[in-house]
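J.: with the input below, show me the fold.
(chains A, B, C and D)
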Protein chains: 2
Amino acid sequence: MDVKHLCLGVLSSGPASGYDIKKHFESSFKHFFVAGYGSIYPALSRLLELRYVEVERLEQERLPDKKLYRITAAGRHAFQSALENTVPRHKVRSEFLAMMHFSEWLPPESVRDALEVHLSELEQLRDTLELAEQAVASTGAEFSRRYSLVSTTALIDFLQQQRQHLDRKGMNPAARR
Amino acid sequence: MDVKHLCLGVLSSGPASGYDIKKHFESSFKHFFVAGYGSIYPALSRLLELRYVEVERLEQERLPDKKLYRITAAGRHAFQSALENTVPRHKVRSEFLAMMHFSEWLPPESVRDALEVHLSELEQLRDTLELAEQAVASTGAEFSRRYSLVSTTALIDFLQQQRQHLDRKGMNPAARR
DNA sequence: CACGGCATGTAATAAGTTACATGATTTA
DNA sequence: TAAATCATGTAACTTATTACATGCCGTG
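T.: Numbering: from 1, shown residues only, chains lettered A, B, ... in the order given. The predicted structure follows:
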């Protein structure tokens, strides 16, 4: 399960450009998969080579040409079998938690800043997830959205509690229970 | 912040072998960073080149030699400045959520299996995190442990609810609210 | 006798990140 | 006039994954 498969997933519901797909990653996949243009465009080229997608070039007035990608029958097939053979991993890679883990080697302001930054990122993610409720894409999309919302809101609560202690005592956020 | 830095972090609290460090990754870092021998041993070689660590070779009876790595002053310095310059990212990469998101293209048994597998992995992680309470390494380690425990228990609750609906109705777990 | 723990590594590959490169249009 | 949106891509680099390769010891 990599960027290529996620692109096929997006294209399963209709044709899109690389740019469109990126927006999809931002709005719907952000909570479980991160990808930028640097991985999306190469993925689309590769899918084209594999004949899992086709392109149509749309000329636009005053804007650069748009390339509309459309999934092929082979592409749908490949996507489904990839999905079925996926092992359901779930990995976290958190520089934030690494900093916290080693906060004893860090000046207190840095710890604080990291906490604030992370908290506001979580709040932003929560907002994104809540907004996404409007566009109920599929029951599966709704499940994954709610899953992440559960975890995000729990973490925001936790961090806000920790921050209070930090404010009151001016100490390392992890210093008490 | 990569495997090298995490190794320096471990070595900040005392000398260790690659094997020891791997155990540390399993018991204390698992919830925020994943690394196997294939990245730990090369990382240690690199740190040696950079003179951030030193080795001592310990011959053991009936067991393979052990290489004890010890952090140098330069290593401590490099670790601290890396920590201070780290931006506190937090990324999730979840094949599980990808499967759920696209569950409409998947047979219901696969969806169910994925949910069961993921749930038991979360339960295992929760157990690991709870066990780790005994060995209170540092306040920072305790913070990151509790952070992940909060999210993990919330997610276990959520998935157990979802599973109930699945059992009662024999339908796609995401199908209702 | 099989399995898990102890102990080290390499090599090939796959994958993703970052910076670079370009440029018009719309909106505040 | 600065910033955001639309729109595409490449190249160099860094990183991690996977499989391979070896072998003893203790326990059930």
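J.: what's the spacing between the residue of chain A found nearest DNA strand D and A:Glu56?
T.: The nearest approach of chain A to DNA strand D comes at A:Tyr19, 3.0 Å away (C-beta to the nearest atom of the strand). Placement of C-beta: from N, CA and C, glycine included. According to C-beta to C-beta, to the nearest Å, A:Tyr19 and A:Glu56 sit 15 Å apart.
J.: is any residue of whichever strand or helix holds A:Ala78 near DNA strand D?
T.: Per DSSP states H and E: A:Ala78 is located in helix A:73-84. No - counting by C-beta under 7 Å from any atom of the strand, DNA strand D has no neighbours in helix A:73-84; the shortest distance is 14.2 Å.
J.: which non-adjacent residue is nearest the residue of chain A closest to DNA strand D?
T.: Among residues not flanking A:Tyr19 along the chain, A:Lys66 sits closest, at 7.5 Å (C-beta to C-beta, 6 or more residues apart in numbering or on different chains).
J.: hang on, that neighbour packs against A:Gln60?
T.: Yes - counting by C-beta atoms under 8 Å, A:Lys66 touches A:Gln60, with 5.9 Å between them.
J.: looking at those two, which one has more neighbours?
T.: Ranked by neighbour count (other C-beta atoms under 10 Å in any protein chain shown), A:Lys66 and A:Gln60 place A:Lys66 first, with 15 against 8.
J.: mean confidence (pLDDT) on stretch A:38-50, please.
T.: The pLDDT scores in stretch A:38-50 average 96.
J.: mind listing what's buried in the helix holding A:Ala78?
T.: A:Gly75, A:Ala78, A:Phe79, A:Gln80, A:Ala82, A:Leu83 (16 or more other C-beta atoms under 10 Å in any protein chain shown).
J.: got a markdown table for the residues you listed, with distance to A:Gln160 and pLDDT too?
T.: Formatted as a markdown table, the buried residues of helix A:73-84 follow (distance: C-beta to C-beta, whole Å; pLDDT from 0 to 100):
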| residue | distance to A:Gln160 | pLDDT |
| --- | --- | --- |
| A:Gly75 | 45 | 97 |
| A:Ala78 | 45 | 96 |
| A:Phe79 | 40 | 97 |
| A:Gln80 | 42 | 96 |
| A:Ala82 | 40 | 96 |
| A:Leu83 | 37 | 96 |
